[in-house]
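>>> What follows is a predicted protein model with its sequence.
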Protein chains: 2
Amino acid sequence: MEMPRAQPLYRQTKAALMRRMVDGRWRAGDMLPAEPALAAEFGVSQGTVRRALDELAQINLVVRRQGKGTFVAEHTRERALFHFFHLVGDDGKRALPGSRMLSMKAGAATREESRRLKLAAGTRVVRLHRLRMLDGRAAIVERIVLPASLYDGFERLDRASLPNELYKLYQERWGVTVARAAEKLKSALAGPEDAAHLGLRSGAPVLEIDRIAYALDGNPCEWRVSRCDTSAHHYVSEVV
Amino acid sequence: MEMPRAQPLYRQTKAALMRRMVDGRWRAGDMLPAEPALAAEFGVSQGTVRRALDELAQINLVVRRQGKGTFVAEHTRERALFHFFHLVGDDGKRALPGSRMLSMKAGAATREESRRLKLAAGTRVVRLHRLRMLDGRAAIVERIVLPASLYDGFERLDRASLPNELYKLYQERWGVTVARAAEKLKSALAGPEDAAHLGLRSGAPVLEIDRIAYALDGNPCEWRVSRCDTSAHHYVSEVV
DNA sequence: ACTCATATGTCTTATATATGACTTTGTAAC
DNA sequence: GTTACAAAGTCATATATAAGACATATGAGT
């Protein structure tokens, strides 16, 4: 009699592969060893490794390219746009957003911030406030909260030089890869401040997107609330 | 020299299997033949059939149950709720909606309706107007447009007896299975009529969900616009 | 009737092997 | 130099085989 394995072999292999990405042994953009090499190393068949890699490719943690190899996924502009940015022009065209940083401050996490980011109360956080443009017009006001411990030295960066694609920055500078995100959407009315930034009248309808981003290790690594003017754009969602 | 096949064998097999569901040879809930039987019939290996079935399972067209068999997916309440209904209470609990039909009319499709449903201009459509409840309170106003040709005799149904889960009705009565849907979300202000139905003041913010549902054959089979009161609920979206 | 063991049929996991397709690199020919 | 071709390395496809896990039916024994 043998205890039933908790997980099939290919899932154990998948978890082992993932651990190497989490602990930084393989970093974004790195090429993984070839399938037969991985199979030999883990003591399983190539088919088992393939199945593990296929599942990792499915959740966009690796990219497989026939003839070239398997690579740890990077946050490119395309990936950010297609996977993490769901606002699209009403004509169907995706406009990639520009952005202007309004403010950056650090401080102790509020009760709400520590709840959403799963931090101990009072942990230090960095708060960003920025305006994003679509087709040259102000369309989104974003408030971003980051656990300061994850992004060492963030507060000392020049806020004017922060890039448009923050996820890429997190990954390149601190090895924090956003693996997935959970979004909650509501309809709200623009307050005076948001309305001014967006060039709307106070009381205009805005779409509020509340997003928690999760790192490879499963922990929250960003809380972002975006208020969007949806008069010329809309949020798209594919349901299968 | 051989012409490269347009599609690998497992995709051809997948398409062949899908055709049998589209043409009604296999209907919702039916059990498919076992893998070795399918492999023999199509003249491919069991592994190839497995891969085709796995992809069908991935897009929720079949359900695989170890030890029992592979079944054509049905629109159960759970499936409708988890896959096609994205409004969740702010406390995280999913409330399954009740509904009250307000009106049902048939007529010639407007230009917009025929564009969205890909119908010839002037084709006959059925229009439904209903109110949906969450936790006993009016929360959603829905306007639904159906191509009359797909749902023969729909207009003659008793509108008071229409079920809550329309997708199940489409499937059971007309063999129309909703395979996927594309949603567009916007923030809007409640007009006087919607506000009255929802118990809101006019000018309150509502979330507008514009959904085209596609049948197995890839053609649109329903256009639905839902206006939702998101003061106590929100729309959830998982990003991978 | 009820229980239990067994048999059967199903999907699931795991391995091995062979072939094809794609990419890069090295090398020979020009 | 440049081109053309061959070779090697990679993932992708397809097959075959075996054993495990799960569900249900069957029948013996009580």
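Okay, I see it.
>>> Any residues of chain A in contact with chain B? List them.
Within chain A, the residues that sit near chain B (CB under 8 Å from any CB of the partner chain) are A:59-60, A:83-84, A:86, A:179-189, A:203, A:205-208, A:210-211, A:228, A:230, A:234-240. For every residue, glycine as well, the C-beta is placed using N, CA and C.
>>> So which of these are in strands?
Among the residues of chain A next to chain B, DSSP state E puts A:179-189, A:205-208, A:210-211, A:228, A:234-239 in strands.
>>> List only buried entries from those.
Using 16 or more other CB atoms under 10 Å in any protein chain shown as the burial test, these include A:179-181, A:183-189, A:205-208, A:210-211, A:228, A:234-237, A:239 as buried.
>>> can you pull the contacts of the residue nearest in space to the middle of chain A?
Residue closest to the average C-alpha location in chain A (CA atoms, centre = their mean): A:Val178, at 3.7 Å. For A:Val178, the contact set (CB atoms under 8 Å, 6 or more residues apart in numbering or on different chains) comprises A:75, A:84, A:167, A:170-171, A:213-215, A:221-222.
>>> now with 7 Å?
A:75, A:167, A:170, A:213, A:215, A:221 (CB atoms under 7 Å, 6 or more residues apart in numbering or on different chains).
>>> Could you single out the nearest of the residues you listed to chain B?
A:Ala213 (8.5 Å; CB to the nearest CB).
>>> What is the burial count for that closest one?
A:Ala213: 24 surrounding residues under other CB atoms under 10 Å in any protein chain shown.
>>> Also A:Gly92?
9.
>>> Can you tell me how far it is from B:Ala182?
Per CB to CB, to the nearest Å, A:Gly92 is found 11 Å from B:Ala182.
>>> cool, and A:Thr230?
Here the criterion is CB to CB. By it, A:Thr230 lies 16 Å from B:Ala182.
>>> what about chain A, any weak spots by pLDDT?
A:1-5 (pLDDT under 70).
>>> Can you tell me which residues in it are near DNA strand C?
Within chain A, the positions lying close to DNA strand C (CB under 7 Å from any atom of the strand) are A:5, A:8-11, A:44-48, A:51, A:65-68.
>>> contact partners of whichever helix or strand A:Arg143 is part of?
Element membership of A:Arg143 [criterion: DSSP states H and E] is strand A:137-147. The contact list for strand A:137-147 (CB under 7 Å, 6+ apart) reads A:97, A:113, A:117, A:119, A:123, A:125-133, A:154, A:194, A:197-199, A:222-229, A:233.
>>> and if we set it to 8 Å?
With contacts defined as CB under 8 Å, 6+ apart, strand A:137-147 is touched by A:87, A:97, A:99, A:109, A:113, A:116-117, A:119, A:123-134, A:154, A:166, A:194, A:197-199, A:220-229, A:232-233.
>>> From those, list the buried ones, please.
A:87, A:97, A:99, A:109, A:113, A:116-117, A:119, A:125-134, A:154, A:166, A:194, A:197-198, A:220-224, A:226-229, A:233.
>>> A:Lys168: what's it in contact with?
A:Lys168 neighbours (CB under 8 Å, 6+ apart): A:74-77, A:80.
>>> if you set the cut-off to 10 Å instead, what comes out?
Taking CB atoms under 10 Å, 6 or more residues apart in numbering or on different chains, we find A:Lys168 in contact with A:28, A:74-77, A:79-80, A:178.
>>> is it fair to say it lies in a helix?
Yes. A:Lys168: assigned to a helix according to DSSP: H, G, I helix; E, B strand; the rest coil.
>>> Can you give the domain ranges for chain A?
Per automatic domain parsing, the domain ranges recorded for chain A read A:9-72, A:84-235.
>>> wouldn't A:Arg100 be in contact with A:Met133 here?
Yes. Counting by CB atoms under 10 Å, A:Met133 is a contact partner of A:Arg100 at 7.4 Å.
>>> Between those two, which contacts overlap?
Counting by CB under 10 Å, 6+ apart, the contacts common to A:Arg100 and A:Met133 are A:Asn164.
>>> circling back: next one: the residue nearest to the centre of chain A from A:Ala139, what distance?
From A:Val178 across to A:Ala139, the span is 22 Å (CB to CB).
>>> same check, this time on A:Ala182
23 Å.
>>> now A:Glu55
In terms of CB to CB, A:Glu55 sits 36 Å off from A:Ala139.
>>> which of those two has more neighbours?
Between A:Glu55 and A:Ala139, A:Ala139 has the larger neighbour count (other CB under 10 Å), namely 26 against 17.
>>> Which residues of chain A lie near DNA strand D?
For chain A, the contact set with DNA strand D under CB under 7 Å from any atom of the strand comprises A:4-5, A:32, A:34-37, A:47, A:50, A:53-54, A:64-70.
>>> at 10 Å instead, please
With CB under 10 Å from any atom of the strand as the criterion, chain A meets DNA strand D at residues A:1-5, A:8, A:31-39, A:45-47, A:49-50, A:53-54, A:57, A:62-71.
>>> Now that we have the residues you listed, which of them are buried?
A:32, A:35, A:38-39, A:49-50, A:53, A:62-63, A:70-71.
>>> Max pairwise distance over these: which two?
A:Ala39 and A:Val63 (19.7 Å; CB to CB).
>>> Sort out for me which of the residues of chain A next to DNA strand D are in helices.
Cross-referencing the residues of chain A next to DNA strand D against helices under DSSP state H gives A:35-39, A:46-47, A:49-50, A:53-54, A:57.
>>> which residues does the residue nearest to A:Gly218 when sequence neighbours are not counted contact?
Nearest residue to A:Gly218, sequence neighbours excluded (CB to CB, 6 or more residues apart in numbering or on different chains): A:Ala179, at 7.9 Å. For A:Ala179, the contact set (CB under 10 Å, 6+ apart) comprises A:18, A:21-22, A:59-61, A:73, A:213-218, A:221, B:239-240.
>>> ditto for A:Ala52
Contacts of A:Ala52 by CB under 10 Å, 6+ apart are A:8-18, A:35, A:38, A:42, A:44, A:62.
>>> which secondary structure element contains A:Glu41?
Counting by DSSP H and E, A:Glu41 is found in helix A:35-42.
>>> which residues touch that helix?
Applying CB under 10 Å, 6+ apart, the set of residues contacting helix A:35-42 is A:9, A:12-13, A:16-17, A:32-34, A:44-50, A:52-53, A:64, A:69-70.
>>> what do you get for stretch A:112-127?
A:103-111, A:143-151, A:154-155, A:157, A:210, A:212-213, A:219-223, A:225.
>>> Buried ones only from these, please, as a ChimeraX command.
To isolate the buried members of those in ChimeraX, using 16+ other CB under 10 Å:
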select /A:104,109,143,144,145,146,147,148,150,151,154,155,210,212,213,220,221,222,223
